[in-house]
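Asker: Give me the fold of what follows.
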Amino acid sequence: MHFLANPARFQRFSARILPWLGALTALLWASGLYMALLVAPPDYQQGETVRIMFVHVPAAWWSMAAYALLAGLGAALLVWRHPLAALMARAVAPVGAAYALVCLVSGSFWGRPMWGTWWVWDARLTSMLLLFFLYLGHIALSRAFDDSERGDRAAAVLALVGVVNLPVIKFSVDWWNTLHQPASVMKLDGPAIHPSILTPLLVMAAAYLALLVFLVLLRTETEIGRRRLETAALTGR
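Answerer: Numbers count the residues shown, from 1 in each chain. Sure thing, here's the model as predicted:
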């Protein structure tokens, strides 16, 4: 992080890696969708509906990971005053919000045939909805002040407070009696999913991760340019 603290250095790094990362992202998405839609077999209970999992589950994983990154960037801004932390946080929040929204919408489509309803106030679903609202709150707070630094600090505090929701999302199915199924991939005794389903799921997870990193780097470059324009306008240069 300290190596990339200088915006100019970050942009040089980003310019080198983005073309390769974009190609890798496209390859992973093409491979993942092919395996998920055409190679993976129907589930013996859920039938073709199980294919929603390949969209839903990786979106859930990386929306939580993106929020953990958001909280880490908030700490870097408040404690170490990392020069790039606020700009990267502004880049991460909309992408994380989009992932959380994909998780919620795809989960509703999956829940309708499985549970007979589009939505229930289940502990896992409710805590994931709260995560989406936390993202929206971060986006709103970071842009709510005329002074960008004040907005970034307020949003960083929210990110750090909201991080307590992450273990609630993760362990809600263990702590409460919920409709949502318990963990079937990240288990101490190993995954409970057949390799024919697990392999496409992991490829899709890699595709989601590559897209997340690509978008965050690209949006961070945009935020650097926007901040420079704001500074130039204030100084009259």
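Asker: going forward, measure contacts between C-alpha atoms and count neighbours the same way
Answerer: Noted.
Asker: in the protein, which spans are helices?
Answerer: 7-34, 53-79, 85-115, 123-142, 148-162, 165-175, 195-235 (DSSP state H).
Asker: Tell me which residue lies nearest the centroid of this protein.
Answerer: Centroid-nearest residue in the chain: Ser63, 2.7 Å away (criterion: C-alpha atoms, centre = their mean).
Asker: How much space separates that one from Gly22?
Answerer: 20 Å (C-alpha to C-alpha, to the nearest Å).
Asker: Same check on Arg16?
Answerer: 11 Å.
Asker: Out of the helices and strands in the chain, which is least certain?
Answerer: In the chain, no helix or strand scores lower on mean pLDDT, DSSP states H and E than helix 165-175, which sits at a mean of 84.
Asker: Show me what that one is packed against.
Answerer: With contacts taken as 3 or more C-alpha pairs under 8 Å, 6 or more residues apart in numbering; DSSP states H and E, helix 165-175 sits against helix 123-142.
Asker: ok so, going back, how far off helix 123-142 does the least confident helix or strand of the chain point, in degrees?
Answerer: 170 degrees (axes from the mean of the first three to the mean of the last three C-alpha atoms, to 10 degrees).
Asker: So for Arg16 and Gly22, which sits in the more crowded spot?
Answerer: Gly22 (16 against 10; other C-alpha atoms under 10 Å).
Asker: need the contact list for the more buried one.
Answerer: Listed by C-alpha atoms under 8 Å, 6 or more residues apart in numbering, the contact set of Gly22 reads 211, 214.
Asker: Just the local confidence number for the residue nearest to Pro58 when sequence neighbours are not counted, please.
Answerer: With sequence-adjacent residues excluded and distances taken as C-alpha to C-alpha, 6 or more residues apart in numbering, Pro58 is closest to Ala205, at 4.8 Å. We have a pLDDT of 96 for Ala205.
Asker: try the one 5 residues further on
Answerer: Model confidence at Ala210, given as pLDDT, is 98.
Asker: Next one: it from Leu202, what distance?
Answerer: According to C-alpha to C-alpha, Ala210 and Leu202 sit 12 Å apart.
Asker: now do Thr222
Answerer: As for Thr222, its distance to Leu202 is 30 Å (criterion: C-alpha to C-alpha).
Asker: just for this protein, where's the confidence low?
Answerer: Where the chain drops to pLDDT under 70, the residues are 1-5, 174-192, 234, 236-237.
Asker: Let's see that with 80 instead.
Answerer: Residues of the chain meeting the criterion pLDDT under 80: 1-7, 44-45, 83, 172-194, 230-237.
Asker: Over to Arg143: give its phi and psi.
Answerer: phi -110, psi 10 (degrees, to the nearest 10).
Asker: Compile the helices of the chain into CSV and extend it with columns for distance to Gly47.
Answerer: Listed next are those as CSV, based on distance: least, C-alpha to C-alpha, whole Å:
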stretch, distance to Gly47
helix 7-34, 17
helix 53-79, 12
helix 85-115, 11
helix 123-142, 23
helix 148-162, 37
helix 165-175, 24
helix 195-235, 12
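Asker: what about these, which gets the closest to Tyr44?
Answerer: Of all those, helix 195-235 sits nearest to Tyr44, with 11.7 Å by C-alpha to C-alpha.
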